[in-house]
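1. Build me a model from this:
(2 chains)
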Amino acid sequence: MNFTEDQILALAPDDASKKSGKEQANPSKWSNTGIDEKSLWGECQGSGKNPYRTQVDLANIAFKCSCPSRKFPCKHGLGVLLLYCRERSLFAAKDSPAWVKEWMDKREEKAEKKQEKTDKPVDVEAQAKRQQQRLKKIDNGVEELQLLINDIVRNGILNMPEKGPALFTNLTKRMIDAQAQGLAGMVRELAEMNYFKENWQNSFMDQLLRIYITITAFKNKETLNDNLSGEIKNLIGFTQSPEELKQQEGLNDNWFVLGKQTVQQEQLFVQRNWLLGINSGQYALVLQFYVRSQLPELNLIPGSVVEAELSFYRSICPYRAIIKNTDKTISPKQITGFDNWNSLMKFEKEKYIRSPFIFELPFFINTVSLARLENKWFLNDVNNVSVPIVCDENKLHALLAVSGGKNFSATLIGCEGVYEPIGIFINNNYFIL
Amino acid sequence: MIKPWEEIINTSIIGTDKKQINTQVLHPLLNSLLEEVKKSANEKEEQFLRQAAIIYNYRRGGFNVSSATIPLIEPCPDETLKYCSSPAEASLQAVLSDENLSLLYFWLLQCSKNNKIAPPHFIPTVLEIAEKNKDLRALISTCLGERGKWITSFNPNWKFSAALSYKEVFDHGKSDERKNALMLWRKDSPSEAREALINVWKEEQAAAKADLLTTLEINLEKNDEAFLTEALKEKSQKVKEIALKLLKQIPDSFIVNEIWEFTKPLISIKKSGALLGLLNKEVLNIDLSFEIPEKFKSYGISHIDASKVFTEKEFTLDQLIGSIPSILWEKHLNLNAYQILELFNKKEETKKFISSLAMSANTFKNSEWGIILYKEYKKVCYSVVQFFSQELKEDVALALLHDSKNIYAFLPEKEIEWTQKFVMALLQKTSQEPYSFSKNYYKNIIHHFPITILDKIDQIQVNDPLKKSYWDGILEEIKKMLSIKKQIIQSF
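-> Below is the predicted model:
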């Protein structure tokens, strides 16, 4: 298992934890360190009488520590992993001590119990009644949204920079009241849109039409096939439960973690993890939602490969998924993606043609190089086709430094011919930008 | 023919109340589809939204990129040096994570000595550090290899003046860059730097003149005298003061000569009999019945002693002695430094002038006198400490720790590791005042500490319980930094 410091620090819940975690990566603080196939552990002398016992589940990247911190992972968890990254010789391979074994056994037991819980029968009648009531609320919310969209297109969008943020913030709240969480999220994007950006009208109309298409499809849900109807319901806010998803047949593969992004939406953290199935070529988005001081269920490390089975949400273009089960995390060797821009864009257009609900995808492209025209940057493929990239100064410098202007493979996020590189693969190493 | 999406945007801006999508301006195939869609709804808004949804999908399903080929950037030349080892890379990561410039300097030094370079993904971070830390730039550029040089062409902030000649920076740089370039120039070639300053002298503002003139203190020489004498005629009081101060530091400048000629007769050796004439005793005879020439006042010689140690005449003499190179006394009295100082030390009324001689040793950087003055009389001549042995420098640094926390004033050599004896003594002192000597104090100097102190550092005793708990935190930090230093040493 080869993690870089950046990858480990990406697990920190906040910047303060990053700093404290670095401070804990000090050999003089640790004793009784060790590692086995599944776990890594150590004892850290804190301010108390007894040292804190810190342990890491290496397969699922989970942490446990006897310290009183309410942060997950705590500074000791990050510290021990950073220390392992810096000085592996301090971690002898040996059998785990009883306190680590106990925790690992409990984790396995918990996973089994969770499985059993899903097998318990539910009160179908009561559930149907609740669904009915919710559907009514959502129908009302959808109607309200439709009326507002009509008003906007009737009067024109010119005054949106002044009116938009307040108007859509309000509407987001009403969609939450209508129990249409998905719609609320879509409307929130209109509230948070940068109306000072040049050509904001394009982004605005894109999002408005996405909402319009979604609610129109929802109104006609009875006429749609299962997958499309399922997708629309997910978009509106009827998310499939993880338990239900886990019942589905999944896709087993070695999943390369292309990148990770965490954004805060009010009290909630939304973590996006982009994955690529090395054998299947399937892309996947794994979302995790958690509140501050809570540990996301999974810690996926960009640049690593997880042997896992993924279950996809119902969709005409399966993309959003959950990890049904993972076996272990390994280091990547060779990743293959699109050979050129033409094949990438063909794939992208096919997705768009099949589904109007997909708008931003990850892509992994082989063998590109940096090109420049004045202050604009491009990636040229093997056929010398140039496509512009969106890149802030820091990312650009990292890209230049790591590539040296030579060929590399890259992970990009974007749509319709404009992409942002988020990671590059060169000389068997993956660098997060 | 207008692009369909543009028509959607144009219509959406104005609003369907005033404008509908003009399908006639679009491609005929799209036109017929849109007309059909329009018929499926009654309301103008719904018609627009349906048509817009079609065009939204049409646009996405058929987007294209420009076919123009943009020229590739010139790739970086291959490296001639090897990258450092993985453990060295890990140690660099630890140094950068700790934001420790002292250890970064040490890492770079090891990297450079071993003819290795840092892995490329560190380059932007390290260059950003170089942007803010001029003293690290030269070392950083040697450790970033070809890629480090190559990448600077993409960021003007990384094109440091080190790569330019002194002349280029002096002619075109910002004020601080010009001064810095002149200082470095002066170190390498004093006369060239002086000539460069003379060439631009007339065009400079008074503030810039004063600032640039101070650089002549580096490698000050007799050849500077003419220019400095001219500078005494400047209108700016500040420029005149600096020129005078510098002229007084040139051992045979006209000012020093005038002062010497006046002072020489005031101090002589008198032989007096002792033990009924059986022994001849030599004592210093100081003549205080002088009147100083008026122009000496313009040389900054005054007669009012704020400290009240001297009488008016004594104070004047103190300044006169301090303005004369000590070597002239050696010739005049035909004695060596030891003997002269001994003579001054014999009587209470002459003893007080030892500090005047220390002033002189400091002004004229006389290391021989400086060493004797420190060893025998505990007088520190700051400008000559640099010529002391390492042991003596460490001794001075320790003795003056409380007067100057800037330990680099006495131990300026950045690459030298301090002795274990000194570091332990230093820690024994500083640990008693953990509030004054906090973590940051050690963070700035840690690379000088030998890692062998790791075995002994726990022996340091802090008796005050409040200070002890604070010190314990600092101690942990020192240990961590030393373990990184150890890691660096082992990895190269």
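2. how close does B:Q420 sit to A:L268?
-> Going from B:Q420 to A:L268 by Cβ to Cβ, to the nearest Å gives 55 Å. From N, CA and C alone the C-beta is placed, and that goes for glycine too.
3. Apologies, that question was intended for B:V283.
-> Counting by Cβ to Cβ, the gap from B:V283 to A:L268 is 91 Å.
4. Any chance you could list what contacts stretch A:7-17?
-> Residues outside stretch A:7-17 that contact it (Cβ atoms under 8 Å, 6 or more residues apart in numbering or on different chains): A:18, A:21-22, A:61, A:71-75, A:78, A:81-82, A:85, A:260, A:292-293, A:299, A:301-304, A:432.
5. Show the contacting residues for the spatially most central residue of chain B.
-> The centroid of chain B falls nearest to B:D135 when counting by Cα atoms, centre = their mean (6.0 Å). Contacts of B:D135 were listed using Cβ under 8 Å, 6+ apart, and they are B:K414.
6. okay, it: pLDDT?
-> Note on B:D135: pLDDT of 87.
7. which residues touch the nearest residue to B:D287 once chain neighbours are set aside?
-> Of all residues not flanking B:D287 in the chain, B:L266 sits nearest, at 4.7 Å (Cβ to Cβ, 6 or more residues apart in numbering or on different chains). Residues in contact with B:L266 (Cβ under 8 Å, 6+ apart) are B:I286, B:D287, B:L288, B:F290, B:L317, B:L320.
8. What number of residues are in the vicinity of B:S175?
-> 12 (other Cβ atoms under 10 Å in any protein chain shown).
9. That one contacts B:A210, doesn't it?
-> No: here B:S175 lies out of contact with B:A210, judged by Cβ atoms under 8 Å, at a distance of 11.5 Å.
10. then whichever strand or helix holds B:L284 to PDB, C-alphas only?
-> Assigned by DSSP states H and E, B:L284 belongs to strand B:279-286. Output in PDB follows, covering the C-alpha atoms of strand B:279-286 (Å, rounded to 0.1, in the frame of the first residue of the first chain):
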ATOM      1  CA  LEU B 279      62.900  49.200  39.200                       C
ATOM      2  CA  ASN B 280      61.800  51.300  36.200                       C
ATOM      3  CA  LYS B 281      58.100  51.300  35.800                       C
ATOM      4  CA  GLU B 282      56.300  52.200  32.500                       C
ATOM      5  CA  VAL B 283      53.000  54.000  32.800                       C
ATOM      6  CA  LEU B 284      50.800  55.800  30.300                       C
ATOM      7  CA  ASN B 285      50.800  59.500  30.300                       C
ATOM      8  CA  ILE B 286      47.600  61.100  29.100                       C
END
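11. Could you give the number of residues near B:S302?
-> 14.
12. before we move on, the earlier item: does anything pack onto the strand holding B:L284? Which helices or strands?
-> Here strand B:279-286 touches strand B:267-274, helix B:337-346, helix B:348-351, going by 3 or more Cβ pairs under 8 Å, 6 or more residues apart in numbering or on different chains; DSSP states H and E.
13. A:E297: how many residues sit nearby?
-> Neighbours around A:E297, by other Cβ under 10 Å: 13.
14. isn't it right up against A:Q288?
-> Yes: A:E297 lies in contact with A:Q288 (Cβ under 8 Å); the separation is 6.3 Å.
15. so what are the domain limits for chain B?
-> B:4-61, B:82-163, B:166-247, B:252-381, B:389-492 (automatic domain parsing).
16. Any idea which of those domains has the lowest pLDDT on average?
-> Minimum mean pLDDT among those: domain B:252-381, a mean of 87.
17. Hmm, B:L317 is touching B:K352, no?
-> No: with contact defined as Cβ under 8 Å, B:L317 does not reach B:K352; the gap is 10.0 Å.
18. which of those two has more neighbours?
-> Shown here are B:L317 and B:K352; by other Cβ under 10 Å, B:L317 has more neighbours (24 against 14).
19. secondary structure class for that one?
-> B:L317 falls in the helix class when you classify it by DSSP: H, G, I helix; E, B strand; the rest coil.
20. how near is it to B:I255?
-> 17 Å.
21. ok, back up a step: ok, of the contacts of B:L266, which come out buried?
-> Using 16 or more other Cβ atoms under 10 Å in any protein chain shown as the burial test, the contacts of B:L266 include B:I286, B:L317, B:L320 as buried.
22. pretty sure the first one contacts B:K352?
-> To tie it back to what came earlier, the one meant is B:I286. No: the criterion here is Cβ under 8 Å, and B:I286 misses it with B:K352 at 10.6 Å.
23. Contact partners for whichever residue of the stretch 351-492 of chain B sits closest to chain A?
-> As assessed by Cβ to the nearest Cβ, chain A sits closest to B:K480 within the stretch 351-492 of chain B, at 3.9 Å. By Cβ under 8 Å, 6+ apart, the residues touching B:K480 are A:E23, A:N26, A:S28, A:K29, B:D98.
24. and the residues you listed, which of them are in strands?
-> Judged by DSSP state E, strands contain none of the contacts of B:K480.
25. any idea which of the buried ones among the contacts of B:L266 is closest to chain A?
-> Once Cβ to the nearest Cβ is applied, the member of the buried ones among the contacts of B:L266 that ends up nearest chain A is B:L320, at 57.8 Å.
26. so what's the closest one up against?
-> Taking Cβ under 8 Å, 6+ apart, one finds B:I259, B:F262, B:T263, B:L266, B:I292, B:I301 in contact with B:L320.
27. Where does the first one sit: helix, strand or coil?
-> This means B:I259. Assignment for B:I259 (three-state DSSP): helix.
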